[in-house]
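Asker: Take this sequence and fold it.
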Amino acid sequence: MLIVLLACFGTCIAQNTATKTEKTPKAEKNTVKKTKAPQIHFDALEHDYGTIFEEDNGTCEFSFKNTGKEPLVLQNVYSSCGCTVPSWPKEPIMPGKSSAITVKYNTSRIGKINKMITVISNAENTPRVELFIKGEVKPKASASFPEKENNPLQVQPKH
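Answerer: Numbering: from 1, shown residues only. Modelled structure (predicted):
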């Protein structure tokens, strides 16, 4: 009985070792991936306006390149808020070519800027990319007009 148990145990170990040996080459083959699919690479994923003033130009660009072997198509680009309007190329971006997504922020809104723009494409590496804009919009009055009491040019009324 002991001999039968040892024979069964030995067979199980041999099969388990053979199974592990067979799986290893397949796993190595799967890690090497040759593709012709489009690839998208952005120069930067964030734009910082810093401090800007009310009614200043709130436009910025996010440059990108198709580093793949097939045409890149931006299927949709949308923002997290109606105050941020993206525009993007509708035609395919050929391999090796660059383009840009233009984002216009409505600078009539005073306060902190922290918005996200989502890019959906046929890129194999990142079909969904999140771009960010940040900064702060200050009231125009504080940029253009000094305080009344500190202004030596202000004419004082006569009594």
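
Asker: can you give me the helices in the chain?
Answerer: When assigned using DSSP state H, the helices of the chain occupy the ranges 2-31, 140-144.

Asker: hey, what's the closest residue to Leu45 other than its chain neighbours bridged with?
Answerer: Leaving aside its chain neighbours, Leu45 sits nearest to Leu131 (5.6 Å; criterion: CB to CB, 6 or more residues apart in numbering). Using the backbone N, CA and C atoms, a C-beta is placed for each residue, glycine as well. In this entry, Leu131 is beta-bridged to Ile117, by DSSP bridges.

Asker: The closest residue to Tyr78 other than its chain neighbours and Val137, how far apart?
Answerer: With sequence-adjacent residues excluded and distances taken as CB to CB, 6+ apart, Tyr78 is closest to Thr118, at 5.6 Å. Applying CB to CB, to the nearest Å, the value for Thr118 to Val137 is 22 Å.

Asker: So which of the two has more stuff around it?
Answerer: Counted by other CB atoms under 10 Å, Thr118 and Val137 do not tie: Val137 has more neighbours, with 22 against 14.

Asker: Residue ranges in the chain under the pLDDT threshold?
Answerer: Along the chain, segments meeting pLDDT under 70 span 1-34, 142-159.

Asker: one more time with 50
Answerer: Applying pLDDT under 50 to the chain flags the ranges 5-6, 13-32, 143-144, 148-149.

Asker: So which residues of it form strands?
Answerer: 40-42, 46-53, 59-66, 74-79, 84-87, 98-105, 111-121, 128-138 (DSSP state E).

Asker: pretty sure the residue nearest to Tyr78 is touching Val129, no?
Answerer: Yes - counting by CB atoms under 8 Å, Val129 is a contact partner of Thr118 at 7.4 Å.

Asker: joint contacts of these two?
Answerer: Counting by CB atoms under 8 Å, 6 or more residues apart in numbering, Thr118 and Val129 have no common neighbour.

Asker: Can you give me the neighbour number for Val85?
Answerer: Neighbours of Val85 using other CB under 10 Å come to 16.

Asker: If we ignore the residues flanking it in sequence, what's nearest it?
Answerer: Lys104 (4.8 Å).
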